[in-house]
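**Student:** turn this into a structure:
(one chain, ligands or ions: 1)
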Amino acid sequence: MADFEPRVFSGMQPTGNLHLGNYLGALVRFVELQAHYNCIYCVVDLHAITQAVDVWGGPKELAQSTRDVTAAFIAAGIDPKKHIVFNQSQVAEHAELAWVFNCVARMGWLNRMTQFKEKAGKDKENASTGLFAYPNLMAADILVYKATHVPVGEDQKQHLELTRDIAQKFNNDFAASIAEHGFGEAYFPITEPLISGPATRVMSLRDGSKKMSKSDPSDYSRINLTDDGDLIAQKIRKARTDPEPLPSEKAGLEGRPEADNLVGIYAALAGRTVEDVLGEFGGGQFSTFKGSLAELAIEKLAPINAEMRRLVADPGYIDSVLADGADRARAIAAPVMNGVRDIMGFIGGKK
Ligand code: TYM
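**Tutor:** Okay, here's the model as predicted:
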């Protein structure tokens with residue numbers, strides 16, 4: 001495959017509060033990757049509206065959630081000056097390329113997407129067409145920057161496979177035109193998902209078989225980045241466990257999803273391996289472990305929480321970060337989209 005300049009892209013939806021799953025599965029990686037790549041981090045407001053209006057909350061709540069997620073990015077350690085932070089709807093090229101991809105992706109591919117099935121639930125007839133086509137927009141988000149690496153949690157893996165399929169099909173279907181316009185043998189990279197570490201799938205604190213999610217009706221199922229120390233401690237204390245002591249070896253976590261989850265959370269927060277954590281806590285009671293976990297979670301999350309509060313109190317600053325990020329994002333996306341116009345035969349592509 002042709003060489004592409006390494007670039008990281010990832011996105012997060014502004015629907016409700018960010019939780020520990022978003023933080024450990026994605027945000028922590030976003031922060032780390034800044035040292036090695038040029039990164040683009042996007043608050044995906046166009047994705048948020050694919051669900052029912054009462055789920056994303058309507059215009060006022062969307063604007064607030066967009067600022068909240070931006071604040072969380074910055075508070076967690078993303079540097080919006082060195083890298084790019086913006087909201088998706090400010091860069092029209094996302095939606096434009098998504099339309100082209102609607103015509104590249106096949107119905108059969110989208111029919112296999114498990115997240116659509118989960119989100120649409122039983123009443124598929126009533127789901128928006130945007131929810132069905134959502135993975136095409138996600139592919140456009142990534143490929144409009146020719147991003148080579150995408151950090152995400154486990155639940156996005158299938159969408160990234162689809163992104164690779166779309167890039168491949170575009171490169172194949174238009175190979176002759178791509179070459180003719182001087183773009184070599186492939187226009188889009190085959191993006192690498194970055195899914196690793198002990199917390200790629202953080203589970204609900206109430207049920208170890210369910211993913212921690214914004215949409216769970218029980219607030220005790222998740223730790224929100226906006227929770228204060230007392231609430232975090234309370235949620236961890238009440239987290240479901242089983243009656244056995246913690247095992248000393250990783251194999252002992254098999255068939256014990258709640259224990260596995262809490263140990264994974266500890267390891268991810270501490271930047272240690274699961275084996276190492278079990279070496280320290282194995283054989284002990286959950287109550288002791290939970291006490292240490294609560295302390296660690298508060299130590300890591302309290303400063304982020306405080307910084308988020310400070311930032312959201314200044315929406316003017318947040319909006320200026322997003323506007324500046326959008327300008328810089330557009331400067332990358334526009335020529336990529338112009339190339340697509342030329343490749344497709346749309347008149348007026350070169351500007
Ligand atoms: P979203 O907004 O649902 O989640 C944002 C990120 O958090 C991760 N995540 C989790 N990781 C571990 N455990 C969990 N329980 C958990 N819950 C969520 C997600 O995997 C994700 O990385 N479609 C995407 C947003 C998106 C995107 C993109 C991502 C739009 N365009 C382009 C990457 C590239 C989504 O809904 O994520």
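**Student:** give me the number of residues near Ala26?
**Tutor:** For Ala26, the count of nearby residues is 25 (other CB atoms under 10 Å). Any C-beta I mention is one placed from the backbone N, CA and C, and that applies to glycine too.
**Student:** quick check: closest non-adjacent residue to the closest residue to the ligand within the stretch 51-200 of the chain.
**Tutor:** Taking CB to the nearest ligand atom as the measure, the point where the stretch 51-200 of the chain comes nearest the ligand is Gly153, at 2.3 Å. Distances taken as CB to CB, 6 or more residues apart in numbering place Gly25 nearest to Gly153, at 3.0 Å, with adjacent residues excluded.
**Student:** tell me how far the residue lying farthest from the centre of the chain lies from Thr241.
**Tutor:** Of all residues in the chain, Glu180 has its C-alpha farthest from the mean position, at 36.0 Å, by CA atoms, centre = their mean. For Glu180, the distance to Thr241 (CB to CB, to the nearest Å) stands at 62 Å.
**Student:** now swap in Thr288 and tell me
**Tutor:** Thr288 is 12 Å from Thr241, by CB to CB.
**Student:** the two - which one has more neighbours?
**Tutor:** Legend: neighbour count by other CB under 10 Å for Thr288 and Thr241, higher for Thr241 (19 against 12).
**Student:** show me what contacts Phe183?
**Tutor:** By CB atoms under 8 Å, 6 or more residues apart in numbering, the residues touching Phe183 are Gly339, Ile343.
**Student:** residues of the protein that sit close to the ligand?
**Tutor:** Contact residues, the chain versus the ligand (CB under 6 Å from any ligand atom): 9-13, 21-22, 25-26, 44, 47, 138, 141-142, 150, 152-153, 155-156, 200-202, 211-212.
**Student:** keep only those of these that are in strands.
**Tutor:** Phe9, Ser10, Gly11, Met12, Val150 (DSSP state E).
**Student:** filter these to the buried ones?
**Tutor:** Among these, those scoring as buried are Phe9, Ser10, Gly11, Met12, Val150 (criterion: 16 or more other CB atoms under 10 Å).
**Student:** quick one: which of these is nearest to the ligand?
**Tutor:** Gly11 (3.3 Å).
**Student:** got a list of what that closest one touches?
**Tutor:** Going by CB under 8 Å, 6+ apart, Gly11 touches Tyr41, Cys42, Val43, Val44, His47, Gln88, Met138, Asp141.
**Student:** rerun that using 7 Å as the cut-off
**Tutor:** Cys42, Val44, Gln88, Asp141 (CB atoms under 7 Å, 6 or more residues apart in numbering).
**Student:** cool, and Asp45?
**Tutor:** Pro14, Leu62, Thr66, Asn87, Gln88, Ser89.
**Student:** got the confidence number for it?
**Tutor:** Here, the pLDDT recorded for Asp45 equals 98.
**Student:** repeat for the one 5 residues further on
**Tutor:** We have a pLDDT of 96 for Thr50.
**Student:** looking at this, it is in a strand?
**Tutor:** No. Looking at Thr50 with DSSP: H, G, I helix; E, B strand; the rest coil, it is coil, so not inside a strand.
**Student:** may I see the contacts of Asp45 arranged in a markdown table, with pLDDT as well?
**Tutor:** Shown next, in a markdown table, are the contacts of Asp45 (pLDDT from 0 to 100):
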| residue | pLDDT |
| --- | --- |
| Pro14 | 97 |
| Leu62 | 97 |
| Thr66 | 98 |
| Asn87 | 98 |
| Gln88 | 98 |
| Ser89 | 98 |
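**Student:** list the ones among the residues you listed that fall in strands.
**Tutor:** Asn87.
**Student:** hmm, which two among the contacts of Asp45 are most spread apart?
**Tutor:** Leu62 and Gln88 (11.6 Å; CB to CB).
**Student:** neighbour-wise, which of those two wins?
**Tutor:** For Leu62 versus Gln88, the count of surrounding residues by other CB under 10 Å is larger for Gln88: 24 against 19.
**Student:** wait, what's in contact with that one?
**Tutor:** Contacts of Gln88 (CB under 7 Å, 6+ apart): Gly11, Cys42, Val43, Val44, Asp45, Leu46, His94, Asp141.
**Student:** at 8 Å instead, please
**Tutor:** Gly11, Cys42, Val43, Val44, Asp45, Leu46, His47, His94, Asp141.
**Student:** looking at those, which are in helices?
**Tutor:** Among the contacts of Gln88, DSSP state H puts Asp45, Leu46, His47, His94, Asp141 in helices.
**Student:** measure the last one to Ile40 for me?
**Tutor:** If you measure Asp141 against Ile40 using CB to CB, the figure is 9 Å.
**Student:** that older thread, quick one: which of the contacts of Gln88 is nearest to Ala333?
**Tutor:** His94 (7.4 Å).
**Student:** neighbours of that closest one, how many?
**Tutor:** His94, neighbours per other CB under 10 Å, totals 26.
**Student:** relative to Pro198, how far out is it?
**Tutor:** Here the criterion is CB to CB. By it, His94 lies 32 Å from Pro198.
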